[in-house]
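A.B. asks: Predicted coordinates and the sequence they were generated for:
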Amino acid sequence: MKIVVADDEPDMRDYFVKILSHLGHEVVAVAGDGKALVESCRRNVPDMVITDLMMPELSGEDALRQIWLEQPVPAILISAYQCPEWIVKAEAIPPVRYLNKPINRAKLQSTLQSFEETTTERSSCEDKADNS
């Protein structure tokens, strides 16, 4: 998958670039704030967005809302804060999953795989509908 990563912590951005590459994904852009995330998605049209929730300029949540006005891209929201209300809220939006920092490689991998499986199933259903 082509992925855009956003986090205001350079170490987290570097971690995602490294780990996602090892998992076979391509990080097409990185951003340090929400506004840069929106612009990066406009330029790169990713298959997935991974963004920190709390960022300068524009929160991850607000950035996703702007991105979704132009393209319905699935997203993983990450945060160091464990807010049960936000987890429920985020996961009620179908293309969003929520992960707490520190990010566990296995959990990230399983989350990405669940998105890939959903996308594959959706494509298969669309192909069947088109051929009917």
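C.D. replies: Everything's here; your move. No experiment lies behind these values; they were computed from the predicted model shown. Numbering: from 1, shown residues only.
A.B. asks: Beyond the helix or strand bottoming out on mean pLDDT in the chain, next helix or strand please.
C.D. replies: Within the chain, no helix or strand scores below helix 84-91, which has a mean of 63 by mean pLDDT, DSSP states H and E. Per DSSP states H and E, the first helix or strand lying C-terminal to helix 84-91 is strand 96-100.
A.B. asks: That following strand: partners in the sheet, and parallel or antiparallel?
C.D. replies: Using DSSP bridges, strand 96-100 pairs in its sheet with strand 75-79 (parallel).
A.B. asks: Now do stretch 48-60: distance to the chain's middle.
C.D. replies: The chain centre lies 9 Å from the centre of stretch 48-60; the measure is CA atoms, centre = their mean, to the nearest Å.
A.B. asks: who touches it?
C.D. replies: 1-9, 12, 16, 20, 25, 32-38, 41, 61, 63-64, 66-67, 73-81, 86, 112, 115 (CB atoms under 8 Å, 6 or more residues apart in numbering). Glycine gets a C-beta too; all of them are placed from N, C-alpha and C.
A.B. asks: Sitting in strands, which of the residues you listed do you find?
C.D. replies: Among the contacts of stretch 48-60, DSSP state E puts 2, 3, 4, 5, 6, 75, 76, 77, 78, 79 in strands.
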